[in-house]
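Visitor: build me a structure from this.
(chains A and B)
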Number of protein chains: 2
Amino acid sequence: MSTQGEKNLVEGNKEYAARFTQGGLALPPAQKYAVLTCMDARIDPAAAFSIPLGAAHVIRNAGASAKDAFRSLVISQQLLGTTEVLVVKHTGCGMLTFQNEDAKGIVAKNKGSEAANEVADLDFLPFADLEQAVKEDIEWLESKAVEKEIGFTGWIYEVETGKARRVV
Amino acid sequence: MSTQGEKNLVEGNKEYAARFTQGGLALPPAQKYAVLTCMDARIDPAAAFSIPLGAAHVIRNAGASAKDAFRSLVISQQLLGTTEVLVVKHTGCGMLTFQNEDAKGIVAKNKGSEAANEVADLDFLPFADLEQAVKEDIEWLESKAVEKEIGFTGWIYEVETGKARRVV
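Guide: Residues are numbered from 1 along each chain as shown, chains lettered A, B, ... in the order given. As a prediction, this is how the structure comes out:
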């Protein structure tokens, strides 16, 4: 039995592949930049941020966390030549709604002690202030020697309006 | 002076926001699934995997690494109710082309010893065999108590053809 996600992929990919014409794109991003944004279901980066296929790396995690994306950013820059990062967090982010202890409590309650142990040392990287979180992530990246000569900008995307605005 | 990534975002987002009609979507993914795929510039998950806006979390990192996505997956499942994960790696992945020592050597050569120190303990999580890497990631996830009752499938997307096929 296929689940909804599998159905979407199998059926939708047939149509996508049938009209696909961009099989010759190069591995390194053609426009030499990366976008770091949230995994939130309400964000479609290619459409909302107008990223042509093949142009940019798109890194997504819970909260668009720079610390969590560090490995990917270093690979993007040092091995694949990107020189610019747009950090895009968004209104209504789930990361504004809980703290580490809440998440760990939920895991322990719903999944038991073995699961609780697996996340005991995990920092879920929640944040209390959206604009401040963008600023702090960019400050953290700019403090790294490996990130020297990389250009950073910080943005907030509004899931209510579809608008993005620059904050750093 | 705006860079190319900023120009894309600022100009493209004006048009996107002008025709945006989906401001009322809920925070939890409506179709209760997550897609984990690579940051590769040649992948447009919403289009290629047919993900409706608001339906699914999309997590992206270098190589579609499950270990690197663990924090995001736990948040997606335990706090936001997703129950299914599609792991989608792809042909021509950069992670097939280097090993940890190569990446660390490039950082040291290009950015100096302070930068080299910053990545000294970092596992870049490269892999040598694409299909095997999908299988190992799913086995790793299935070994976790916190991932019990979550459904996993593994896929390979072909950047040359636009086709996705299931491997696990």
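
Visitor: tell me how many other residues crowd the residue nearest to residue A:37 when sequence neighbours are not counted.
Guide: Nearest residue to residue A:37, sequence neighbours excluded (CB to CB, 6 or more residues apart in numbering or on different chains): residue A:88, at 4.2 Å. For every residue, glycine as well, the C-beta is placed using N, CA and C. Residue A:88 has 25 neighbouring residues, counting by other CB atoms under 10 Å in any protein chain shown.

Visitor: what bridges to residue A:88?
Guide: residue A:37, residue A:155 (DSSP bridges).

Visitor: does the most centrally placed residue in chain A lie in a helix or a strand, and which?
Guide: By CA atoms, centre = their mean, the mean C-alpha position of chain A lies nearest to residue A:60, the distance being 2.0 Å. Remark: residue A:60 resides in strand A:56-61, with elements defined by DSSP states H and E.

Visitor: who touches that strand?
Guide: For strand A:56-61, contacts defined as CB atoms under 8 Å, 6 or more residues apart in numbering or on different chains pick out A:29, A:31-39, A:43, A:45-46, A:51, A:68-69, A:72-73, A:76, A:80, A:82, B:5, B:8, B:39-41, B:43, B:58-62, B:69, B:71-72.

Visitor: below-threshold pLDDT in chain A: ranges please.
Guide: Along chain A, segments meeting pLDDT under 70 span A:1.

Visitor: ranges for the helices of it?
Guide: With helices called from DSSP state H, chain A shows them at A:4-18, A:45-48, A:70-74, A:100-111, A:113-118, A:130-142.

Visitor: and residue A:109, how many neighbours?
Guide: Neighbourhood size, residue A:109 [other CB under 10 Å]: 11.

Visitor: and for the one 10 residues further on?
Guide: By the other CB under 10 Å criterion, the neighbourhood of residue A:119 contains 23 residues.

Visitor: over to residue A:12?
Guide: Taking other CB under 10 Å as the criterion, the count of residues near residue A:12 is 18.

Visitor: can you check residue A:3 too?
Guide: Neighbour count of residue A:3, defined by other CB under 10 Å: 16.

Visitor: now do the buried residues in stretch A:119-138.
Guide: A:119, A:122, A:124, A:125, A:126, A:127, A:130, A:133, A:134, A:136, A:137, A:138 (16 or more other CB atoms under 10 Å in any protein chain shown).

Visitor: what's the answer for stretch A:160-168, then?
Guide: Residues of stretch A:160-168 classed as buried by neighbour count (16+ other CB under 10 Å): A:162, A:163, A:164, A:167, A:168.

Visitor: in strands, which of those residues fall?
Guide: Secondary structure assignment (DSSP state E) places residue A:164 from the buried residues of stretch A:160-168 within strands.

Visitor: quick check: of the buried residues of stretch A:160-168, which lies closest to chain B?
Guide: Of all those, residue A:162 has the smallest distance to chain B: 3.0 Å, by CB to the nearest CB.

Visitor: ok, the closest one - contacts?
Guide: Counting by CB under 8 Å, 6+ apart, residue A:162 has contacts A:48, B:13, B:16, B:17, B:20, B:22, B:23.

Visitor: thinking again about what came up before, make a markdown table out of the buried residues of stretch A:119-138 and add distance to residue A:109.
Guide: Output for these, formatted as a markdown table (distance: CB to CB, whole Å):
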| residue | distance to residue A:109 |
| --- | --- |
| A:119 | 12 |
| A:122 | 16 |
| A:124 | 16 |
| A:125 | 21 |
| A:126 | 18 |
| A:127 | 23 |
| A:130 | 28 |
| A:133 | 27 |
| A:134 | 32 |
| A:136 | 30 |
| A:137 | 30 |
| A:138 | 36 |
